[in-house]
Structures are given as structure tokens and as C-alpha cells.
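**Q** What shape does this take:
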Amino acid sequence: MIYRELTRPEVDALWRAADKSDYPPEVVQSAYESLIRGVGLRSNESTCLATGTGHRPYVCPFRGPRFRYGSPERLIETAIPWLLRFTARLRQQHLEWLERRRT
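**A** A predicted model of the protein is given here:
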């Protein structure tokens, strides 16, 4: 079976299509950088997502092997909202930690 990987313009198109209106710009930027690093586009020309076998060979690099998908597009589409929520939660925890540290 031949597995298909995505190029950076394809990932960018999926990123632009996602709804990011509920998040501040710094969260969006951080989530985008995490996406690019996580799918292997920082050092490669295409993603490195096909690490599984069977009819769902694309394993999510962010949530582990339980999350498998039949196409790389579907993996990216579901990873983007998760990354945005995760990054926003981390930012909020960091801000709370800074606040506790000041008092």
C-alpha cells in the first residue's frame, strides 16, 4: 500500500480553513508552530504521519497511537482544534502560575 503524505502548502491550506476566531493571536501562532513541528515539516518537505498499518495508517503525533486516521487530511483537520485548545490551556495555566508567584 502506498501512503500519501502532505506538503507544507497542503497543511497551510488546512490550517487556513480551520476556525481560530476564539483564540488570541499568540495561541494561534504557538499552535501553528507545534503543528508544523509535530507533523515533521520543520526538517522535511512532506509530513511523516504514516506510521501505522491497516486501513487507518495515519497516527496522530499529538495524541498517540489510539488516534488513527484513514487520511492525512483528516488527521490534520482533527489535530488543529485539539492543538488550539491544548495551547490555550497551557497558556492559561502559565498565566495563573505567574499570578500565584507574584502574590
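**Q** Mind telling me what element the residue nearest the centre of the chain is part of?
**A** Geometric centre of the chain, nearest residue: Leu35, 3.7 Å, by CA atoms, centre = their mean. Secondary structure from DSSP states H and E places Leu35 in helix 25-38.
**Q** Quick check: what element follows that helix along the chain?
**A** Helix 25-38 is succeeded, C-terminally, by strand 58-60 (DSSP H and E).
**Q** what comes into contact with that following strand?
**A** 3, 49-52, 65, 67-72, 74-75, 78-79 (CB atoms under 8 Å, 6 or more residues apart in numbering). Glycine gets a C-beta too; all of them are placed from N, C-alpha and C.
**Q** let's see it at 7 Å
**A** Residues outside strand 58-60 that contact it (CB atoms under 7 Å, 6 or more residues apart in numbering) are Leu49, Ala50, Thr51, Gly52, Pro65, Phe67, Arg68, Tyr69, Ser71, Pro72, Leu75, Ala79.
**Q** if I look at the closest residue to the residue nearest to the centre of the chain other than its chain neighbours, how far off is Phe62?
**A** The shortest distance from Leu35 to any non-neighbouring residue, by CB to CB, 6 or more residues apart in numbering, is to Leu83 (5.8 Å). Taking CB to CB, to the nearest Å as the criterion, Leu83 is separated from Phe62 by 6 Å.
**Q** neighbour-wise, which of the two wins?
**A** Leu83 (24 against 15; other CB atoms under 10 Å).
**Q** What are the buried residues along the helix or strand harbouring the more buried one?
**A** Assigned by DSSP H and E, Leu83 falls within helix 72-102. Within helix 72-102, the residues that count as buried by 16 or more other CB atoms under 10 Å are Pro72, Glu73, Leu75, Ile76, Ala79, Ile80, Leu83, Leu84, Phe86, Thr87, Ala88, Arg91.
**Q** The second one: what's it in contact with?
**A** Applying CB under 7 Å, 6+ apart, one finds that Glu73 lies in contact with Leu14.
**Q** about what we covered before: reformat the buried residues of helix 72-102 as a markdown table; add pLDDT and distance to Arg42.
**A** Listed next are these as a markdown table, based on pLDDT from 0 to 100; distance: CB to CB, whole Å:
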| residue | pLDDT | distance to Arg42 |
| --- | --- | --- |
| Pro72 | 94 | 17 |
| Glu73 | 96 | 20 |
| Leu75 | 96 | 17 |
| Ile76 | 97 | 15 |
| Ala79 | 96 | 16 |
| Ile80 | 97 | 17 |
| Leu83 | 97 | 15 |
| Leu84 | 97 | 19 |
| Phe86 | 96 | 19 |
| Thr87 | 97 | 17 |
| Ala88 | 96 | 22 |
| Arg91 | 95 | 21 |
